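# Requesting a structural model of the entry that follows:
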Amino acid sequence: MSLLLMIVIVWFVASCSSISKAGAETEGKIVYELSYPYETQSVMMDLYPKEMTVSFKDNKLHSSIRSEYDMLTTEFIIDNSKKEFAQLLKNMSKRSALKMNQQETRRWFDDQAKYRLERTTESKIICGYKCYKTIAHPTDPSKPKIEIYATRSLGLDNSNWWNPYRGIDGFMLAYDIEQYGICMRMLATQVNFENVEASEFDIPQTYAITDVQTMQGLLTAVVDTYIKH
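As a prediction, the model looks like this:
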């Protein structure tokens, strides 16, 4: 066996071992660039969030989206082991949080949008990870179809139980999602493995726990204030 071939084999085995342990023994943050493909340019768009961060550790996720000047913040905290979901909303100084179990979470997202998923053989590399393409066809024919790229190489599989794309196999690094009445396009630009504090996945005491109806009202107020113009 040639030295070059031996090096290649050792590298391949080491890589597979690293991938198989990812998620169970790794932690870090993923940074996404946000864009708005269907929005017309306006003054209010200057306030729209430009970035999303997702922290991961111990089979938990914490995503955070902040508007310019930190006027509006929305966060998701997901426990993939316990199948628990929390949405946090900060609008100016008012802070509210909604906690739900798996069934409640599914109803919450199904009320917003439903999709038929079409798997394809297409793929592309995002942040160094091979991502497979799935097309999400909305049941509402007036809405555009969505191209989703998910990777199975991060060890964060089975993490889509809580979102509208729960049939996706792998962790999504590129996708669209509708929030606050607008379509946001997410594209991962960085995957950083680093230490993440366990407290990152706790709901801060400054947030008041509320119910579904109240949170829906708060989100409607956000749309009326920042989106409708």
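# SS state for the residue nearest the centre of the chain?
Nearest to the geometric centre of the chain sits residue 63, at 6.2 Å (Cα atoms, centre = their mean). When classified by DSSP: H, G, I helix; E, B strand; the rest coil, residue 63 comes out as strand.
# For the protein, name the helix or strand with the lowest mean pLDDT.
Least confident helix or strand, the chain: helix 3-21 with a mean of 35, by mean pLDDT, DSSP states H and E.
# Mind listing what's buried along the very next helix or strand once past it?
Where DSSP states H and E defines the elements, the next helix or strand beyond helix 3-21 is strand 28-35. Applying a neighbour-count criterion of 16 or more other Cβ atoms under 10 Å, one finds 28-30, 32 buried in strand 28-35. No exception for glycine: its C-beta is placed from N, CA and C like everyone else's.
# same thing with stretch 125-142?
For stretch 125-142, by 16+ other Cβ under 10 Å, it's 126-127, 129, 131-134, 136, 138.
# Could you do stretch 112-119 as well?
The neighbour-count check on stretch 112-119 (16+ other Cβ under 10 Å) flags 113, 115, 117 as buried.
# And the contacts of stretch 54-72?
23-24, 26-30, 32, 34, 46-53, 73-81, 90-92, 156, 159, 196, 198, 200-201, 222, 226 (Cβ atoms under 8 Å, 6 or more residues apart in numbering).
# In ChimeraX, select just the buried ones from the residues you listed.
Here is the ChimeraX selection string for the buried members of the contacts of stretch 54-72, based on 16+ other Cβ under 10 Å:
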select :23,26,27,28,29,30,32,48,49,52,53,74,75,76,77,78,80,90,91,156,159,196,200,201,222,226
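# Dump stretch 72-85 to PDB, keeping only the CA atoms.
In PDB, the C-alpha atoms belonging to stretch 72-85 read as follows (Å, rounded to 0.1, in the frame of the first residue of the first chain):
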ATOM      1  CA  LEU A  72     -37.000  43.700  18.300                       C
ATOM      2  CA  THR A  73     -35.700  40.300  19.200                       C
ATOM      3  CA  THR A  74     -37.200  36.900  18.600                       C
ATOM      4  CA  GLU A  75     -35.600  33.700  19.900                       C
ATOM      5  CA  PHE A  76     -36.400  30.000  19.700                       C
ATOM      6  CA  ILE A  77     -35.100  27.600  22.400                       C
ATOM      7  CA  ILE A  78     -35.500  23.900  21.400                       C
ATOM      8  CA  ASP A  79     -34.800  20.800  23.500                       C
ATOM      9  CA  ASN A  80     -34.600  18.000  21.000                       C
ATOM     10  CA  SER A  81     -34.500  15.300  23.700                       C
ATOM     11  CA  LYS A  82     -37.500  16.400  25.700                       C
ATOM     12  CA  LYS A  83     -39.300  17.700  22.600                       C
ATOM     13  CA  GLU A  84     -39.900  21.100  24.200                       C
ATOM     14  CA  PHE A  85     -40.000  24.400  22.400                       C
END
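# Strands of the chain, start to end?
28-35, 51-57, 60-66, 72-79, 84-91, 94-100, 115-126, 129-138, 146-151, 171-179, 182-193, 208-210 (DSSP state E).
# Flag the least confident of the buried residues of stretch 125-142.
Scanning the buried residues of stretch 125-142 for pLDDT, the low point is residue 138. It has 92.
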